[in-house]
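Visitor: only geometry, no sequence info:
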């Protein structure tokens, strides 16, 4: 059984969120302790795995007692805290160019989540915000942040009185909507097929006042350097994940086995993985969980059969591992996901 979803490394640069939570007066010791419970220590918190980031964002909302934390951070944050991507968008010549730059270079800030733009009906364009993994938990704060930061950026370019034709949220919400509509506009709808913002396509040719072609070219050179670094990282992590997924059918497949296949020493392999804020066990667990979830949803294989294919000597160990990673037993996960289809 080979891992089919080989997205190289789903993570997001998170310095801005840690800074925002400190600005909300959450004690730095509490923040550090929470990151440790997520397995994040030291400099590793520059980039957080997507699931850890979403958990951390949701935890921040609980700590502050603010159900609209994501929405409010989007209003308060210094856009420059988002790094080189913010500078690229600042100096784009038109709104269409801004969208194109966002699509192409967003990977510098985040992987595993993305903005995408496509034509909609009747001369409108739809900007969708989505995750590469469909069953992530605790998404509400991040989605509201991501939609609100886009709306803030568009208002700065188009005018503060502007509001989109429609905003869609994929989840249900029992929160009061007055605060949300004050920031995003009145046309907000929940339980929709996707998270998106809809606006007239005529705005794509709108010329932006802060445009600076010369400065944009200078920043693009640096952005392309960063993009190349990420591509090199992703190529390496992709190869590692592929080899791990192939090796799972071999019982006791180890980091030493992986290092041999890559013609590296174990120490060099571990050092390279640490450079990308991950390790053999984390990647192995991620792959096992995704393969198991895929098998539970798309096949009628028994728990024992899935466990054997993943290299476990018995189903009990597999069930215990799956429950630790997914917070549900394999059978509970299969039942819950199939009921939601």
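Guide: Cool, the structure landed. As the structure is a prediction and not an experimental result, all values here were calculated from the model. Residues are numbered from 1 along each chain as shown.

Visitor: what's the average pLDDT for stretch 234-254?
Guide: Averaged across stretch 234-254, pLDDT comes to 82.

Visitor: I meant stretch 83-103, not that one.
Guide: Averaging pLDDT along stretch 83-103 gives 93.

Visitor: how long is it from one end to the other?
Guide: Distance between the two ends of stretch 83-103: 15 Å, counting by Cα to Cα, to the nearest Å.

Visitor: Outside of that stretch itself, list whatever touches it.
Guide: With contact meaning Cβ atoms under 8 Å, 6 or more residues apart in numbering, stretch 83-103 is reached by 13, 79-80, 105-106, 108-109, 114-117, 125, 127, 153-154, 157-158, 203-208, 210-213, 215-216, 219-220, 222-223, 226. No exception for glycine: its C-beta is placed from N, CA and C like everyone else's.

Visitor: Mind doing that once more with 7 Å?
Guide: Under the criterion Cβ atoms under 7 Å, 6 or more residues apart in numbering, residues 13, 79-80, 105-106, 108-109, 115-117, 153, 157, 203-208, 210-213, 215-216, 219-220, 222-223, 226 lie in contact with stretch 83-103.

Visitor: tell me, how many neighbours does residue 86 end up with?
Guide: The number of residues packed around residue 86, counting by other Cβ atoms under 10 Å, is 17.

Visitor: Quickly find the element holding it.
Guide: Applying DSSP states H and E as the criterion places residue 86 in helix 84-90.

Visitor: Return the distance of that helix from the chain's centre.
Guide: Taking the mean of its C-alpha atoms, helix 84-90 sits 19 Å from the chain's own mean (Cα atoms, centre = their mean, to the nearest Å).

Visitor: How about stretch 63-77?
Guide: The answer for stretch 63-77 is 18 Å, by Cα atoms, centre = their mean.

Visitor: likewise stretch 211-230?
Guide: 23 Å.

Visitor: Over it, what's the mean pLDDT, rounded is fine.
Guide: The average pLDDT within stretch 211-230 is 91.

Visitor: again, but for stretch 53-69
Guide: Mean predicted confidence for stretch 53-69 is 96.

Visitor: in the stretch 151-300 of the chain, which spans are strands?
Guide: Listed in chain order, the strands of the stretch 151-300 of the chain (DSSP state E, counting those that start in this stretch) span 166-168, 188-189, 195-200.

Visitor: Ok, the stretch 1-150 of the chain next?
Guide: 11-13, 47-49, 110-111, 113-120, 124-131.

Visitor: worst average pLDDT in the ones you listed?
Guide: Mean pLDDT is lowest for strand 47-49 among these, at a mean of 81.

Visitor: hang on, the earlier thing: reformat the strands of the stretch 1-150 of the chain as CSV; add distance to residue 199 and mean neighbour count.
Guide: Formatted as CSV, the strands of the stretch 1-150 of the chain follow (distance: least, Cβ to Cβ, whole Å; neighbours: other Cβ atoms under 10 Å):
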stretch, distance to residue 199, mean neighbour count
strand 11-13, 25, 20
strand 47-49, 30, 23
strand 110-111, 22, 22
strand 113-120, 9, 16
strand 124-131, 6, 19
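
Visitor: got TSV for the strands of the stretch 151-300 of the chain, with mean pLDDT too?
Guide: Below are the strands of the stretch 151-300 of the chain laid out as TSV (pLDDT from 0 to 100):
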stretch	mean pLDDT
strand 166-168	96
strand 188-189	95
strand 195-200	96
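
Visitor: residues near residue 101, how many?
Guide: For residue 101, the neighbour count with other Cβ under 10 Å is 19.

Visitor: how far away is it from residue 217?
Guide: 12 Å (Cβ to Cβ, to the nearest Å).

Visitor: same thing with residue 81?
Guide: Distance from residue 81 to residue 217, by Cβ to Cβ: 23 Å.

Visitor: and residue 28, which of the strands of the stretch 151-300 of the chain is closest to it?
Guide: strand 195-200 (31.4 Å; Cβ to Cβ).

Visitor: ok, and for the closest one, which residues are buried?
Guide: The neighbour-count check on strand 195-200 (16 or more other Cβ atoms under 10 Å) flags 195, 196, 197, 198, 199 as buried.

Visitor: Now tell me what touches it from outside.
Guide: Identification of contacts with strand 195-200 by Cβ under 7 Å, 6+ apart yields 120, 123-130, 143, 147, 150-151, 164-170.

Visitor: now do 6 Å
Guide: 120, 124, 126-129, 143, 164-170 (Cβ atoms under 6 Å, 6 or more residues apart in numbering).

Visitor: name the helices or strands packed onto the lengthiest helix in the chain?
Guide: When the chain is parsed with DSSP state H, its longest helix is helix 213-247. Using 3 or more Cβ pairs under 6 Å, 6 or more residues apart in numbering; DSSP states H and E as the contact test, the elements touching helix 213-247 are helix 84-90, helix 280-298.

Visitor: Compare the ones you listed and say which comes out lowest on pLDDT.
Guide: helix 280-298 - the lowest mean pLDDT of the helices and strands packed on helix 213-247, at a mean of 87.

Visitor: Figure out how far it is from the centre of its chain.
Guide: 18 Å.

Visitor: Would you indicate which residues of it are buried?
Guide: 280, 283-284, 286-293, 295-296.

Visitor: try stretch 310-318
Guide: Those would be 310, 311, 312, 315, 318, for stretch 310-318 by 16+ other Cβ under 10 Å.
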